[in-house]
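Enquirer: model this:
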Amino acid sequence: MAWYVFGGHILPPSHTGWMLRGTLGPDPVQYWLGYTFFKHAPWTWPPGLNPAWGLEVSSSIFYADSIPLLAIFFKAISGLAEVSQYWGLWIFACAGLQGALAWRLIGQVTRDPLARLAGAVLFIMQPALLTRMGGHFALSAHFLLLAGLWLCIVPGTGWRRTAAWAPLVAATAMIHSYLLPMVLGLWAADWLARGVARHGWRGLAAEALAVPVAGLAALWAAGFFVLTSGFGGQGARYGQMQMDLLAPFDPGPWGAILPDLPGPLHAEVGASYPGLGILALLLLSGIAWLWRPLRGIAARWPLLLALGVMLAVAISHHVSIGGREVGWFELPPRLADLAAALRASERFLWPLGYALLLAGIAALAHAIGGRRAGVVLALLVGLQFIDLQPGFTNTTRYFPQGPAVAPLRLTDPFWAKAAARYTRIRVVPNGNQAKHWEEVAVYAATLGLETDAVYLARIDPGRVAALNADMAERLASGRHEPGTLYVLGDDASLARARRGAAPERDALLRRDGVWVLAPGWWLSRPLGPVAAAGTPR
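Expert: Model prediction:
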């Protein structure tokens with residue numbers, strides 16, 4: 001499925017052009033930049049710190065959304081193998097692991113190979129998953145949710161169950177923070193179910209400590225705690241990217257058969273549509289359930305409770321139907337600030353969606369038998385494939401064929417000369433996605449300079465304000481930092497640079513549409529360690 005939708009040209013680790021050509025927006029550029037600066041930087045403690053990218057506003061590989069688990073691994077082996085990008089491999093691995101875990105899950109309700117195969121395809125052919133593969137690469141790890149569901153439904157107790165949950169939670173913490181509370185919710189459901197069944201309170205008490213500690217240790221290693229503020233991010237707050245109650249029936253850009261429905265105007269809209277094949281499965285399984293009900297569902301109330309809580313988080317306190325808010329209440333300010341870190345709350349529907357898909361397959365196989373269920377599921381795969389054609393067409397445009405390596409946007413000969421004379425380049429004023437951040441950061445990463453031009457998932461606003469105040473004073477007074485090039489993003493910074501520049505020493509130039517202050521440009525001696533243009537330090 002991943003090959004059909006995205007193509008095999010994204011797989012070679014040396015091919016970065018598909019990420020940097022801008023067809024997907026800034027996110028893939030962010031991932032590549034985070035890892036590129038990280039792998040060339042010295043090791044730190046904790047290992048996830050990334051000081052070369054951002055300088056005073058730097059944080060860690062965690063906030064670059066560069067999948068810390070893989071970034072740390074590939075940095076560790078960089079002396080043995082050069083890997084410029086691992087996201088193509090990751091996308092294919094996510095699809096493979098999703099299918100493998102779905103096969104195992106479905107094997108708990110039917111042993112028929114056709115039913116398991118067709119059901120696994122439905123688990124992969126999901127708009128929620130494929131949308132993430134088309135840009136939010138770390139969030140493609142839906143297999144972590146399937147692993148959590150697996151542990152919730154497969155019997156197990158004692159230290160072996162703890163030894164399964166702790167690595168799963170730790171791995172999730174080092175992949176993406178949105179998936180972590182979902183996996184923790186599934187763990188809490190399994191822990192509670194075992195507690196109700198009186199499976200050794202001493203071991204459960206130890207697990208209640210060990211699993212969260214594993215997650216916290218992984219967050220620390222990835223650099224999560226380097227920030228002390230700014231966790232709410234920029235833009236929407238919690239409740240403004242919620243799940244509309246009609247979202248599962250709204251095909252958005254994905255469906256070819258059902259009509260579009262009105263809904264909220266935010267970026268998550270459309271990704272909660274499961275596809276017509278899955279909707280048909282849920283309808284058929286509902287009929288099958290009425291004819292021949294499954295037993296034992298009530299005994300899984302801890303899992304149902306956890307899924308219900310996550311559904312409530314997805315809907316949020318701003319209840320929306322067809323794009324109209326029909327009920328809401330205000331959260332306490334402190335709670336609202338904490339919840340802002342999970343502002344894209346519609347994503348919390350994912351665990352329930354996969355649980356319903358598994359339950360639908362179970363009900364169908366229970367009612368008509370595994371072999372007949374396999375035939376029905378195969379037909380539903382065909383319906384799903386036909387229905388999702390508009391979405392497939394859109395996603396194939398995400399990764400167009402092209403040069404293996406994208407050319408720099410800053411092409412004037414000045415930039416290559418500057419890279420040999422300076423060790424650092426700044427954007428003034430600074431901020432998350434400041435003006436010219438992308439072309440400057442890619443230039444710096446390619447030619448081995450440090451930079452404060454960043455796009456991070458979360459950034460400390462206090463650090464940004466302090467940096468901007470310092471840079472404004474330095475430019476106006478001419479107290480420039482040694483070995484530093486300044487890119488000027490607004491008229492105020494340009495005016496300050498003119499006041500502080502010494503014409504006989506400093507160059508104020510416009511190259512490739514970018515104003516740049518090059519202190520000491522007219523002096524003959526270099527201002528920093530010289531590196532060959534095009535060679536990362």
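
Enquirer: Leaving out chain neighbours, which residue sits closest to Ala501?
Expert: Leu508 (5.5 Å; CB to CB, 6 or more residues apart in numbering). All C-beta atoms are positioned from the backbone trio N, CA, C, and that covers glycine.

Enquirer: On the three-state scheme, the one you found is what?
Expert: Judged by DSSP: H, G, I helix; E, B strand; the rest coil, the three-state class of Leu508 is strand.

Enquirer: quick one: contacts for it?
Expert: Contact partners of Leu508, counting by CB atoms under 8 Å, 6 or more residues apart in numbering, are Ala497, Arg498, Ala501, Trp515, Val516, Leu517, Ala518.

Enquirer: Name the nearest of those residues relative to Ala312.
Expert: Trp515 (50.1 Å; CB to CB).

Enquirer: For the helix or strand harbouring Val516, give the mean pLDDT please.
Expert: Secondary structure assignment for Val516, by DSSP states H and E: strand 514-518. The predicted model assigns strand 514-518 a mean pLDDT of 98.

Enquirer: circling back: what separates the residue nearest to Ala501 from Thr484, distance-wise?
Expert: According to CB to CB, to the nearest Å, Leu508 and Thr484 sit 14 Å apart.

Enquirer: so where do the helices sit in the stretch 201-350 of the chain?
Expert: In order along the chain, the stretch 201-350 of the chain carries the following helices (DSSP state H, counting those that start in this stretch): 201-222, 276-291, 301-315, 333-339, 350-368.

Enquirer: And the contacts of the longest one?
Expert: What it means is helix 201-222. Outside of helix 201-222, the residues that reach it under the criterion CB under 8 Å, 6+ apart are 46-48, 60-62, 68-69, 72, 157-159, 161-162, 165-167, 169-174, 180, 184, 187, 191, 194-195, 225.

Enquirer: Also the third one?
Expert: Applying CB under 8 Å, 6+ apart, the set of residues contacting helix 301-315 from outside is 152-153, 182, 185-186, 188-190, 192-193, 196, 242-243, 245, 297, 342, 345-349, 351-352, 355.

Enquirer: Run the angle between that helix and helix 350-368 for me.
Expert: Between the axes of helix 301-315 and helix 350-368, defined by axes from the mean of the first three to the mean of the last three CA atoms, to 10 degrees, the angle is 130 degrees.

Enquirer: Check the longest one too.
Expert: Using the same axes, to 10 degrees, the interaxial angle of helix 201-222 with respect to helix 350-368 works out to 130 degrees.

Enquirer: Give the buried residues for helix 201-222.
Expert: Buried residues in helix 201-222, defined by neighbour count with 16 or more other CB atoms under 10 Å: 203-204, 207-208, 210-211, 214-215, 217-222.

Enquirer: now swap in the third one and tell me
Expert: By neighbour count with 16+ other CB under 10 Å, helix 301-315 contains the buried residues Pro302, Leu303, Ala306, Leu307, Met310, Val313, Ala314, Ile315.

Enquirer: cool, and stretch 47-59?
Expert: Of all the residues in stretch 47-59, those buried under the rule 16+ other CB under 10 Å are Pro47, Gly48, Leu49, Asn50, Pro51, Ala52, Trp53, Gly54, Leu55, Val57, Ser58, Ser59.

Enquirer: For the stretch 301-450 of the chain, give me the ranges with low pLDDT.
Expert: Counting by pLDDT under 70, not a single residue of the stretch 301-450 of the chain qualifies.

Enquirer: can you rerun that using 90?
Expert: Along the stretch 301-450 of the chain, the model assigns pLDDT under 90 to residues 317, 323, 325-344, 393-404, 406.

Enquirer: what angle separates the strand or helix carrying Ala497 from strand 514-518?
Expert: Remark: Ala497 resides in helix 491-500, with elements defined by DSSP H and E. For the pair helix 491-500 and strand 514-518, the angle between their directions (the same axes, to 10 degrees) equals 30 degrees.

Enquirer: Which strands or helices does helix 491-500 pack on?
Expert: For helix 491-500, the contact count by 3 or more CB pairs under 8 Å, 6 or more residues apart in numbering; DSSP states H and E identifies helix 461-477, strand 484-488, strand 514-518 as packing neighbours.

Enquirer: Between the two ends of stretch 20-36, how far is it?
Expert: Its first and final residues considered, stretch 20-36 spans 13 Å by CA to CA, to the nearest Å.
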